[in-house]
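Chemist: The amino acid sequence is not available; the structure is as follows:
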């Protein structure tokens, strides 16, 4: 039955989705003006993952910007996990996508979920980029060396050496429940992601 709580959740999700989509893909915020490398339009998808919903998510351990190493297995039995792969630091869509998740922190928490951001950039690059973006509430991990090893496991390493723009939703048992290998030139929809997370807590 559609409860009052569900109604408020979808109203909030709708508002956040509007806020999140209010800037166009190549319109990074003013604070980045003159600092963002414009990649131009890229091939929307350049790889094909063999992973599917229902499969066990490959475990990994990667260094984070904060200095600690984080493993996917750390969250088993505790939290749902969203892995956000983005192609590269200092590029337009990525520089809008991750700060956009800051406005949705409460929705992740409501659904007992953590977000993990991964790129193939090295730690110094990610440190500077994330500082410029402002404080992100989620860990940012470097898949720099061995280059793209985790992206390869997930089938999202592009032929250029960057990753796809991809989301993997993983439940508390470590099972993949949703995959979105998105058009690299566009941000994934926040509302869709929230609906997928909500399914895990029913």
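Modeler: Done, it's in. Quantities reported herein were computed from a predicted structural model and do not represent experimental measurements.
Chemist: all helices for the protein, in order.
Modeler: Per DSSP state H, the chain carries helices over the ranges 4-20, 92-100, 105-110, 123-133, 149-153, 190-200.
Chemist: Please identify the most buried of the ones you listed.
Modeler: Neighbour counts (mean count of other Cβ atoms under 10 Å) averaged over each of the helices of the chain peak at helix 92-100, with a mean of 22. (Glycine included, C-beta is placed from N, CA and C.)
Chemist: Which of the helices of the chain sits closest to residue 72?
Modeler: Closest approach to residue 72 among these is made by helix 149-153 (9.1 Å; Cβ to Cβ).
Chemist: tell me the contacts of the residue positioned nearest the centre of the chain?
Modeler: In the chain, the residue lying closest to the centroid (Cα atoms, centre = their mean) is residue 84, at 2.1 Å. Contact partners of residue 84, counting by Cβ atoms under 8 Å, 6 or more residues apart in numbering, are 97, 98, 101, 115, 116, 117, 118, 166, 167.
Chemist: does it have beta-bridge partners, and which?
Modeler: Note on residue 84: beta-bridge partners by DSSP bridges are residue 117, residue 167.
Chemist: out of the contacts of residue 84, who has the most neighbours?
Modeler: residue 118 (27 neighbours; other Cβ atoms under 10 Å).
Chemist: Go through the helices of the chain and name the closest to residue 172.
Modeler: helix 190-200 (7.8 Å).
Chemist: circling back to that earlier point, out of the helices of the chain, which gets nearest to residue 55?
Modeler: So among these, helix 149-153 is nearest, using Cβ to Cβ, at 11.7 Å.
Chemist: Mean pLDDT per helix and strand in this structure: which one sits at the bottom?
Modeler: Across the helices and strands of the chain, mean confidence by mean pLDDT, DSSP states H and E is lowest for helix 4-20: a mean of 47.
Chemist: before we move on, back to that, compare the mean pLDDT across the helices of the chain and name the weakest.
Modeler: Among these, helix 4-20 has the lowest mean pLDDT, at a mean of 47.
Chemist: Around residue 163, how many other residues sit close by?
Modeler: 26.
Chemist: For it, give me the pLDDT.
Modeler: Residue 163 is assigned 97 on the pLDDT scale.
Chemist: Kindly state the beta-bridge partners for it.
Modeler: residue 157.
Chemist: Tell me how far the closest residue to residue 193 other than its chain neighbours lies from residue 124.
Modeler: Excluding the flanking residues, the one nearest residue 193 by Cβ to Cβ, 6 or more residues apart in numbering is residue 167, at 6.3 Å. Computed as Cβ to Cβ, to the nearest Å, the residue 167 to residue 124 distance reads 26 Å.
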